[in-house]
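Colleague: could you look at this predicted model? Sequence included:
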Amino acid sequence: MVTPMKRNLLALLLAVVVLALAVPMAQAKLVAKIDRDQISPDETFNLTLGRDSGSAFSSVDLQPLEKDFSVLGRSQSSSTQFVNGSVTSAFNLILSLAPKHSGVLTIPPLTVGGDSSEPLTVKVFTQPQPKTRADTSAIFLESEVDTHSVVVQEQVLLTLRIYVAVQAQLAEPELPQLVDALVEKLTDARYHKVVNGRSYEVFERKFAIIPQKSGVLEIPPLRVRATVPSRSLQPDDVFGGFFGARQKEVNLASNPDRITVREKAAGYPAGAVWLPTTKLTVAVDWSRDPKDLKVGDSATVTISLAAQGLLAAQLPPVVYPDTEGVKIYQGKGELQNVPKGDGVTGLRKESIAVIPTRPGSMVLSEIRIPWWNKNTHVVEYATIPAQHLLAKGSAVAPPPSSGAPMPEPTAPAAASGTETMPAVSTAAASRFPLLVAAVSGKEREAYRALAGACQGNNAGLARKTFWAWAKVFRAGEMMLTTSDLDRVFPGSGLVPLLEEIDRKLYGNIAAVWQGQELLAAVAAIRKAGNKADTCNSPLPPLYR
């Protein structure tokens, strides 16, 4: 007898089978990538072929590889996801390759089921790269830098390699502890290498070092702890195999090194941020056509900087100068470091709100960012071209003066009761009472300024004091434009209230702006934040 439960289970299984059979019909894509692009002739590297759909790698023609490479091993992996009624599968074929000769070798396109990969290149050095330490023991390490002379704040690549010929447990290598230098962890690699006729598995880690001071930078020995069977280090121990393996901890250390750090170039533009790099690029993107704007409407320009060999914190903010007929609101820059095998790439993204206050044509000035090309030793410039703006609409009067004294604010109806403050955890309050008091004091001061502007119906001052209060009340949150308010204060209704202020300030609106609604909304947020803190607190309140 087939029960309803069995029928439902059979139907579900049938649906999964149908969807799984439909996957091969989707267009598969074959992607090739390598874990290292520079190797010695006695080293190996991994080539991974990936497919985002289709079936497993049942048969792959590897003959195109045989001209320049030996295939030492292969393995497969797969993953399947069932999301929202659809099945997606991914398959990887991992090939361990060894070069047959030196030079710049090309990994040709490989074809699987009608899909072909893109060609790749790998550089094989003529001779094995010299090591800082020659050793025939079962486990040892070495380190090296890519250069011994740089200018201040120029990147130095430090490579740590651990050679292991036995089964071992390795402790996580720590970041180098350097004085007057920044250190960023980069990529890891794992491969095989033959040293003095013995095969080793090599664990490689790279670091980017950014010297912050001219002079001599001392790089101390890098240390790693490892646990290995003691008989592996003592081949003449005839009893080790009989009585079982004894464990031994080994402390490994590399050789120290020194880097000469020169001062920045004398001919670099005075007052400019020093940027020694091989390449600095800039990209500009507008949220809307800058030549089709309306008076009072906001357009966001996103400016992205990317520098090879520099940390994101080294990149300067991009600021447009004051422009007649345009209000410019600078957001907080977003920083990101992207680690790669050849160093770190620093990214900085600026979001700037641009609001025309009159109709007609306006021009945002050209911006030139100097940088030092460390290869050619000359100053170059990344340029943001001048941008022409064209706005339609009617001219607006300047916002009301914010210099007039404001009356002492009184608490609105929505904020009646005890004075509230931003939510702060009880644990933090117990550990940092002075910090909590300082934060709450700044928030109260910012709120009083906002309340005074709202009660005086001063739109310009209310906009300024609102953002000052919001950044204190939600410290750490990224708020660049009014659209971020829905994320930081969901359900608060702040966005239309702030847009109303912008229309008043920069649009053709003659009516007097009323600040009661904005003040009530902010008071409700403060009250809700205080309640949430009270409910989440594991301790009773100090006062009842």
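Modeller: Arrived safely.
Colleague: when you work out contacts or count neighbours from here on, use the C-alpha atoms and nothing else.
Modeller: Fine.
Colleague: what mean pLDDT does stretch 32-39 get?
Modeller: Model confidence over stretch 32-39 averages 84 on the pLDDT scale.
Colleague: for it, how far is the first residue from the last?
Modeller: Across stretch 32-39, the straight-line distance between its terminal residues is 18 Å, by Cα to Cα, to the nearest Å.
Colleague: just the residues contacting it, thanks.
Modeller: The contact list for stretch 32-39, computed with Cα atoms under 8 Å, 6 or more residues apart in numbering, reads 45-50, 117-125, 189, 341.
Colleague: repeat that for 7 Å
Modeller: Counting by Cα atoms under 7 Å, 6 or more residues apart in numbering, stretch 32-39 makes contact with 45-50, 117-118, 121-125, 189, all of which sit outside it.
Colleague: how far does it sit from its chain's centre?
Modeller: Relative to the centre of its chain, stretch 32-39 is centred 23 Å away, using Cα atoms, centre = their mean, to the nearest Å.
Colleague: same question, stretch 304-321
Modeller: Using Cα atoms, centre = their mean, the distance from the centre of stretch 304-321 to the centre of the chain it belongs to is 14 Å.
Colleague: how many neighbours does Ser143 have?
Modeller: If you count neighbours by other Cα atoms under 10 Å, Ser143 ends up with 22.
Colleague: no no, Arg258
Modeller: Burial measure for Arg258: 14 neighbouring residues, criterion other Cα under 10 Å.
Colleague: regarding Leu505, what is its secondary structure?
Modeller: helix (DSSP: H, G, I helix; E, B strand; the rest coil).
Colleague: PyMOL command to pick out the buried ones of the contacts of stretch 32-39?
Modeller: Here is the PyMOL command that picks out the buried ones among the contacts of stretch 32-39, judged by 16 or more other Cα atoms under 10 Å:
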select buried, resi 45+46+47+48+49+50+117+122+123+124+125
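Colleague: looking at the contacts of stretch 32-39, which are in strands?
Modeller: With DSSP state E as the criterion, strands contain 45-50, 121-124, 189 from among these.
Colleague: how much space is there between the residue most central in space within the chain and Leu305?
Modeller: With distances taken as Cα atoms, centre = their mean, Gln336 lies nearest the centre of the chain, 3.6 Å away. Distance of Gln336 to Leu305, given as Cα to Cα: 11 Å.
Colleague: tell me, what's touching these two both at once?
Modeller: Common neighbours of Gln336 and Leu305, using Cα under 7 Å, 6+ apart, are 347-348.
Colleague: okay, now the unreliable bits of the stretch 301-450 of the chain?
Modeller: Counting by pLDDT under 70, the stretch 301-450 of the chain shows low-confidence ranges at 395-439.
Colleague: again, only using 50
Modeller: Within the stretch 301-450 of the chain, the set of residues satisfying pLDDT under 50 comprises 399-437.
Colleague: so what's the nearest residue to Ile139 once chain neighbours are set aside up against?
Modeller: Nearest residue to Ile139 in three dimensions, chain neighbours excluded: Val164, at 4.6 Å (Cα to Cα, 6 or more residues apart in numbering). Neighbour list for Val164: 138-140, 200-202 [criterion: Cα under 7 Å, 6+ apart].
Colleague: now Trp469
Modeller: With contacts defined as Cα under 7 Å, 6+ apart, Trp469 is in contact with 443, 446-447.
Colleague: quick one: Pro64 and Thr106 touch, right?
Modeller: No. Pro64 sits out of contact with Thr106 when judged by Cα atoms under 7 Å, with a separation of 10.2 Å.
Colleague: for the contacts of Val164, which one is nearest Leu389?
Modeller: Nearest to Leu389, judged by Cα to Cα, of the contacts of Val164 is Val202 at 57.3 Å.
Colleague: any idea what the closest one is bridged to?
Modeller: Residues in a beta bridge with Val202, per DSSP bridges, are Tyr163, Tyr191.
Colleague: do the same with Asn373
Modeller: Partner residues in beta bridges with Asn373, using DSSP bridges, are Thr277, Val378.
Colleague: start at 439, not 1
Modeller: Sure thing, new numbering starts at 439, so read that last one as Asn811.
Colleague: neighbours around it, how many?
Modeller: Other residues within reach of Asn811, judged by other Cα under 10 Å, total 17.
Colleague: tell me if I'm right that it and Thr715 touch.
Modeller: Yes. Look at Asn811 against Thr715 with Cα under 7 Å: they come within range, at 5.6 Å.
Colleague: now do the SS call for Trp951.
Modeller: Applying three-state DSSP to Trp951 yields a three-state assignment of coil.
Colleague: now do Val910
Modeller: helix.
Colleague: quick one, phi psi at the residue nearest to it when sequence neighbours are not counted?
Modeller: Across the structure, with Cα to Cα, 6+ apart as the measure, the residue nearest Val910 apart from its sequence neighbours is Glu881 (5.9 Å). Main-chain dihedrals, Glu881, degrees, to the nearest 10: phi -70, psi -40.
Colleague: do you know how far Glu881 is from Ala962?
Modeller: For Glu881, the distance to Ala962 (Cα to Cα) stands at 15 Å.
Colleague: and the two? which has more neighbours close in?
Modeller: Between Glu881 and Ala962, Glu881 has the larger neighbour count (other Cα under 10 Å), namely 23 against 16.
Colleague: hang on, the earlier thing: distance of the residue nearest to Val910 from Gly769?
Modeller: Taken as Cα to Cα, the spacing of Glu881 relative to Gly769 amounts to 21 Å.
Colleague: with Phe911 instead?
Modeller: Summarising the geometry, the distance separating Phe911 from Gly769, computed by Cα to Cα, is 17 Å.
Colleague: same check, this time on Thr795
Modeller: As defined by Cα to Cα, Thr795 lies at a distance of 19 Å from Gly769.
Colleague: looking at the two, which one has more neighbours?
Modeller: Here Thr795 and Gly769 are compared on neighbour count by other Cα under 10 Å; more neighbours surround Thr795, at 26 against 18.
Colleague: what about Ala962, helix or strand, and which?
Modeller: For Ala962, the enclosing helix or strand under DSSP states H and E is helix 954-974.
Colleague: same check on Ala708?
Modeller: With DSSP H and E as the criterion, Ala708 is inside neither a helix nor a strand.
Colleague: burial measure for it, as a count.
Modeller: For Ala708, the neighbour count with other Cα under 10 Å is 8.
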